[in-house]
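*Asks:* Provided below for reference: sequence and predicted model.
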Amino acid sequence: MKQKNKINKDKIINLTLVSDSSEYDRMFRETIQGAVNAMQPEFKKETNNISVKLCKRQESKSNNKLFRNVDHETNVLAFPTLNDDFSLSNYLGDILICVPVVIEEAEKFCITAKSRMAHMVIHGCLHLIGYDHQTDDQAGTMELKEINILERMEFSNPYLID
């Protein structure tokens, strides 16, 4: 039997979930909250505020173009707080997830949409707290974190998919 990670009741995670569609909200609210909760041991502050927006292809594409100069939609974008004098205290940042891309990838990889969504939330959260995958070493570290956190949620290793 897998051992569930203990939740630290002293740590508070405030999730703001915004969605382009009530259907997206119904499909994924519980999974997103579960993924954020599974991230709890990774957060360094006692209070962590995160915003997740579920969007459609056009919003993902326009934000990917604007912020990364890549002219197509993507599964997840993360926008960490700048931690400057104008940033809200304990606000980690925003995550934008393109639901149609997540569903399409889930079908392609023969996994559930909830598993893929959990992976994208965790991936985005890791970016918010400073992880990246620009080098092979960074990617390996980030992937191992993702695998371990997904395992806490009883989802399989997403990197074993062909």
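*Replies:* Sure thing, it's come through.
*Asks:* which secondary structure elements does the lowest-mean-pLDDT helix or strand in the chain contact?
*Replies:* Ranked by mean pLDDT, DSSP states H and E, the helix or strand of the chain with the weakest confidence is strand 12-19, at a mean of 89. Strand 12-19 sits against helix 22-38, strand 47-55, with contacts defined as 3 or more C-beta pairs under 8 Å, 6 or more residues apart in numbering; DSSP states H and E. Using the backbone N, CA and C atoms, a C-beta is placed for each residue, glycine as well.
*Asks:* Which residue is the nearest non-sequential neighbour of the residue nearest the centre of the chain?
*Replies:* In the chain, the residue lying closest to the centroid (C-alpha atoms, centre = their mean) is residue 121, at 1.6 Å. In space, and not counting its chain neighbours, residue 121 is closest to residue 35: 3.8 Å by C-beta to C-beta, 6 or more residues apart in numbering.
*Asks:* Likewise for residue 77?
*Replies:* Per C-beta to C-beta, 6+ apart, closest to residue 77 is residue 96, 4.5 Å.
*Asks:* Pairing partners for the helix or strand hosting that neighbour, with directions?
*Replies:* Counting by DSSP states H and E, the element that carries residue 96 is strand 91-98. Paired with strand 91-98 in the same sheet, following DSSP bridges, are strand 47-55 (parallel), strand 76-80 (antiparallel).
*Asks:* Residues contacting the first one, please?
*Replies:* By C-beta atoms under 8 Å, 6 or more residues apart in numbering, the residues outside strand 47-55 that reach it are 11-21, 24-25, 28, 32, 36, 88, 90-99, 121, 124-125, 128.
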